[in-house]
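**Q** Could you work out the structure for the sequence below:
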Amino acid sequence: MTLDDLASLIASRKGADPSSSWTAQLLAKGPEKCAEKFGEEAIEAVIEAVKGDKDRLTSEAADVLYHLLVMLTACDVTLDDVLTELGKRQGTSGIAEKANR
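**A** So this is what the prediction gives:
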């Protein structure tokens with residue numbers, strides 16, 4: 001499954017019956033809850049990275065990507081929006097990009 005596939009699947013669950021899927025349940029709770037779940041998963045990924053457990057980090061990273069896409073969907077931001085922003089930054093050093101913020 002690609003990130004595009006996952007983003008499309010998540011978007012298809014927006015407005016769906018919350019009893020039909022975990023994704024629909026999260027989206028029905030609104031952007032705040034989706035952001036909270038993303039934050040929890042990000043912290044769990046950091047913990048596994050620090051511990052050096054590659055298998056657990058891989059699992060948590062998948063959770064992070066999923067919950068990031070759910071949060072973006074809840075906030076009406078598409079994966080294409082994010083990719084467009086990344087494209088704008090291409091060819092700019094990270095140091096220069098941060099200085100321009």
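
**Q** Leaving out sequence neighbours, find the closest residue to the residue nearest the centre of the chain.
**A** Closest to where the C-alpha atoms of the chain average out (CA atoms, centre = their mean) is residue 68, at 1.2 Å. Leaving out its chain neighbours, the residue that sits closest to residue 68 by CB to CB, 6 or more residues apart in numbering is residue 38, at 5.7 Å. C-beta: built from backbone N, CA, C; applies to glycine.

**Q** and the helix or strand hosting that neighbour, what does it pack onto?
**A** Element membership for residue 38, per DSSP states H and E: helix 31-51. Applying 3 or more CB pairs under 8 Å, 6 or more residues apart in numbering; DSSP states H and E, one finds that helix 31-51 contacts helix 22-28, helix 54-74.

**Q** Residue ranges in this protein under the pLDDT threshold?
**A** 97, 101 (pLDDT under 70).

**Q** how about the helices and strands packed on helix 31-51 in CSV, adding distance to residue 46?
**A** CSV is the format used below for the helices and strands packed on helix 31-51 (distance: least, CB to CB, whole Å):
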stretch, distance to residue 46
helix 22-28, 21
helix 54-74, 9
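
**Q** do you know which of the ones you listed lies nearest residue 11?
**A** helix 54-74 (5.5 Å; CB to CB).

**Q** angle of the helix or strand following the closest one against helix 54-74?
**A** Under the assignment DSSP H and E, the closest C-terminal helix or strand after helix 54-74 is helix 79-89. Interaxial angle of helix 79-89 relative to helix 54-74 (axes from the mean of the first three to the mean of the last three CA atoms, to 10 degrees): 100 degrees.

**Q** In terms of secondary structure, what does helix 79-89 contact?
**A** For helix 79-89, the packing partners by 3+ CB pairs under 8 Å, 6+ apart are helix 3-13, helix 54-74.

**Q** What residues sit buried inside that helix?
**A** residue 79 (16 or more other CB atoms under 10 Å).

**Q** now what about the helix or strand following that helix, what contacts it?
**A** As assigned by DSSP H and E, the chain's next helix or strand after helix 79-89 is helix 94-99. Outside helix 94-99, the residues within contact range by CB atoms under 8 Å, 6 or more residues apart in numbering are residue 89.
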